[in-house]
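*Asks:* Next come a sequence and a model predicted from it.
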Number of protein chains: 2
Amino acid sequence: MAYGSKELAAIGDPTRQAMLERLRRRPMTVGELAEGLPVTRPAVSQHLKILRQARLVTERREGTRHYFNLNPEALLELRGYIDRMWEDALGAFSRYVAQQKRKRKRLGK
Amino acid sequence: MAYGSKELAAIGDPTRQAMLERLRRRPMTVGELAEGLPVTRPAVSQHLKILRQARLVTERREGTRHYFNLNPEALLELRGYIDRMWEDALGAFSRYVAQQKRKRKRLGK
DNA sequence: TAGAACCGTAAGCCATAACTAACTGTAAGT
DNA sequence: ACTTACAGTTAGTTATGGCTTACGGTTCTA
């Protein structure tokens, strides 16, 4: 796998998407996240584990509280991956356009 | 949902990821894609439907052949979404750092 | 030390998405 | 009209991942 399929798979889940959206605003604890979501706290915990392993979030502890925040580094990498895919898509598109032009020339059209 | 959760969910599946990777190189037919993957052609067809509905690929027909290629537009949008998320992450990070500095000041440390 | 608050983990359940095989639709050639 | 090649669709199967409940660990305070 080029870029981690783990990262993309992590982002793919609706509950995890909602969590990432929440974390855009500010770091949050497990409990805080769970409050705004239609799932239990342990479910949130499990999702956070996946996000952490995909490096999309980082964790820091203050006493009993575990704060999670978005990881800018990982997002930058993800953006880079999409960027390269976009470039490839453009490249393939212009190759196709050039090919069509050659086709039209050949058909005298 | 801010950016389409449909798009992110579409990218999340390993088989679809592999397909997108293949399509970076050049447009391909259903059959061609299926040849390089450990799943049947109907499975590929079904996945392509999801990718098409998420606008991540576009389709063009030449006779009996259906060619699929990456959609640069959609990739640009996706990149934009990740970008904004990255910016938010940076913002949240610097707010946190500033907060820590205030904390340290207060503690005379 | 006990109790409260916070949270990770394990294990069971089950809805669903990814898979397959079979069928059907479309395009093109004879 | 028939055949071949390509691909979409349907329906059944099943593995799995997301959910829940229950339990136990950690931290802090009185």
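*Replies:* It's in. Please read these numbers as outputs of a predicted model, since none were measured by experiment.
*Asks:* packing partners for the helix or strand hosting A:Arg22?
*Replies:* In this assignment (DSSP states H and E), A:Arg22 forms part of helix A:14-23. Where contact means 3 or more Cβ pairs under 8 Å, 6 or more residues apart in numbering or on different chains; DSSP states H and E, helix A:14-23 is packed against helix A:5-12, helix A:30-35, helix A:41-53, strand A:65-70, helix B:5-12. All C-beta atoms are positioned from the backbone trio N, CA, C, and that covers glycine.
*Asks:* what about that helix, near DNA strand D?
*Replies:* Yes - under the criterion of Cβ under 7 Å from any atom of the strand, helix A:14-23 makes contact with DNA strand D via A:Thr15.
*Asks:* Now for A:Arg52: which residues touch it?
*Replies:* Taking Cβ atoms under 8 Å, 6 or more residues apart in numbering or on different chains, we find A:Arg52 in contact with A:58-59, A:68.
*Asks:* Could you rerun that using 10 Å?
*Replies:* By Cβ atoms under 10 Å, 6 or more residues apart in numbering or on different chains, the contact set of A:Arg52 is A:10, A:58-59, A:68, A:71.
*Asks:* same deal with A:Met28?
*Replies:* Contacts of A:Met28 by Cβ under 10 Å, 6+ apart are A:19, A:22, A:34-36, A:44, A:57, A:65-69.
*Asks:* same thing but at 7 Å, please
*Replies:* By Cβ atoms under 7 Å, 6 or more residues apart in numbering or on different chains, the residues touching A:Met28 are A:22, A:67-68.
*Asks:* still on that earlier bit, which members of the contacts of A:Arg52 are classed as buried?
*Replies:* With burial judged by 16 or more other Cβ atoms under 10 Å in any protein chain shown, the buried subset of the contacts of A:Arg52 is A:10, A:58, A:68, A:71.
*Asks:* for those, which one is nearest A:Lys105?
*Replies:* Nearest to A:Lys105 out of these is A:Ala10 (Cβ to Cβ; 47.8 Å).
*Asks:* Could you double-check that that closest one sits in contact with A:Lys49?
*Replies:* No - under the criterion of Cβ atoms under 7 Å, A:Ala10 is not in contact with A:Lys49, lying 10.2 Å apart.
*Asks:* Give me the buried stretch members for the top helix by length along chain A, please.
*Replies:* When chain A is parsed with DSSP state H, its longest helix is helix A:72-106. Across helix A:72-106, burial judged by 16+ other Cβ under 10 Å covers A:72, A:74-75, A:77-79, A:81-83, A:85-86, A:88-89, A:92-93.
*Asks:* can you check stretch A:23-33 too?
*Replies:* Within stretch A:23-33, the residues that count as buried by 16+ other Cβ under 10 Å are A:23-24, A:27-30, A:32-33.
*Asks:* would you turn these into TSV with distance to A:Lys101 and pLDDT?
*Replies:* Putting those into TSV (distance: Cβ to Cβ, whole Å; pLDDT from 0 to 100) gives the following:
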residue	distance to A:Lys101	pLDDT
A:Leu23	48	96
A:Arg24	44	96
A:Pro27	53	95
A:Met28	54	96
A:Thr29	58	97
A:Val30	57	98
A:Glu32	57	96
A:Leu33	53	97
